[in-house]
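Engineer: Based on what follows, work out the 3D shape:
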Amino acid sequence: MRIATGAYRPFLADVDFEVQSILDIREYTDAHHRATVSHALVLAPALLIDNIYVGYWFWGRPSVYDLWADLRDLSRRIHPDFDPTVPAVRDSWLASQR
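Structural biologist: The predicted model follows:
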């Protein structure tokens, strides 16, 4: 897969389906393949899960725009200086320049 896609880094692989079994995320509607239900996590600092996308391979995955909005919202919540137009943020920056 790595050579076929031109990837420089190895893909994560669960050859023995250990993670699939432990997390109980096997796709039960496909008895022929050992497919895994797609999961995408948005992680906050300290590896806290902020948002989870679960679903079918196309419709269940987040788009770039979904992730962009999630990360913007997360940044707004964790960075006190996210909005530079807030007077307190500007005052703090000016004080650090003196």
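
Engineer: Can you tell me the SS state at the residue most central in space within the chain?
Structural biologist: Centrality entry for the chain: nearest residue to the mean C-alpha point is Val42, 3.1 Å, by C-alpha atoms, centre = their mean. With DSSP: H, G, I helix; E, B strand; the rest coil as the basis, Val42 sits in strand.

Engineer: Show me the beta-bridge partners of it.
Structural biologist: Asn51 (DSSP bridges).

Engineer: Quick check: it touching Ala69?
Structural biologist: No. The pair Val42 and Ala69 does not pass the contact test of C-beta atoms under 8 Å, sitting 10.0 Å apart. From N, CA and C alone the C-beta is placed, and that goes for glycine too.

Engineer: Please tell me how far the residue nearest to the centre of the chain sits from Asp50.
Structural biologist: From Val42 across to Asp50, the span is 5 Å (C-beta to C-beta, to the nearest Å).

Engineer: Low-confidence stretches in this structure?
Structural biologist: For the chain, applying pLDDT under 70 flags the ranges 1-2, 7-12.

Engineer: And the contacts of the helix ranked longest in it?
Structural biologist: Criterion DSSP state H: the longest helix present in the chain is helix 64-78. Contacts to helix 64-78, defined as C-beta atoms under 8 Å, 6 or more residues apart in numbering, come from residues 40, 42, 44-45, 50-51, 53, 62, 82-83.
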